[in-house]
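Engineer: Output the structure for:
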Amino acid sequence: MSIEELIEKGSIHPFEATPSEIKKAMGIARRDLTLAERLLGENFDWCFAIAYNAVLQACQAYMFHSGYRPASAEAHKATFEFMEIVVEEPLKKSISYFDRARTKRHRTLYNDVGLISEKEAEELLRRAKEFLSYIEGKLKQQ
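Structural biologist: Model (predicted):
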């Protein structure tokens, strides 16, 4: 899949974000990461969901920076499809992991209470921290 194909199928759209829109998305990502860390000992489902949202917001900040935004329908899925195209090879596995977390997060928010284990919450939180650092570095480079 390519960026052009994502545009053609209506998953993403060209978008000229302002620096404040990019900064705002990263601010939400950092806020959510901090909150997820605090929730780790209290509620694994919410820790997982909020850590996931931190990753999603960082991805969207990078999309904005790159001149795109996800369509409103299936925005989460489109965001990860875009990221899989643009990240370097070593990070493609992380994007695949975050996309799987997307479906599990949906289940835990809407269908299955207590679905997330401590190990799963810790793993997503660890990967989210690393990913936010990566995105922040990429945004500073460009």
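
Engineer: what sits against the residue nearest to the spatial centre of the chain?
Structural biologist: Nearest to the geometric centre of the chain sits residue 56, at 2.0 Å (C-alpha atoms, centre = their mean). For residue 56, the contact set (C-beta atoms under 8 Å, 6 or more residues apart in numbering) comprises 76, 79, 98, 102. No exception for glycine: its C-beta is placed from N, CA and C like everyone else's.

Engineer: pretty sure the last one is touching residue 53, no?
Structural biologist: No. No contact is recorded between residue 102 and residue 53 when judged using C-beta atoms under 8 Å, the distance being 10.3 Å.

Engineer: any shared contact partners between the two?
Structural biologist: Common neighbours of residue 102 and residue 53 (C-beta under 8 Å, 6+ apart) do not exist.

Engineer: Comparing the two, which shows the higher neighbour count?
Structural biologist: residue 53 (20 against 16; other C-beta atoms under 10 Å).

Engineer: how many neighbours does the nearest residue to residue 10 once chain neighbours are set aside have?
Structural biologist: Counting by C-beta to C-beta, 6 or more residues apart in numbering, residue 71 is the residue found nearest to residue 10 once chain neighbours are left out, at 5.5 Å. Per other C-beta under 10 Å, the neighbour tally for residue 71 reads 16.

Engineer: Quick check: residue 71 touching residue 13?
Structural biologist: Yes. Residue 71 is within contact range of residue 13, at 6.2 Å (criterion: C-beta under 8 Å).
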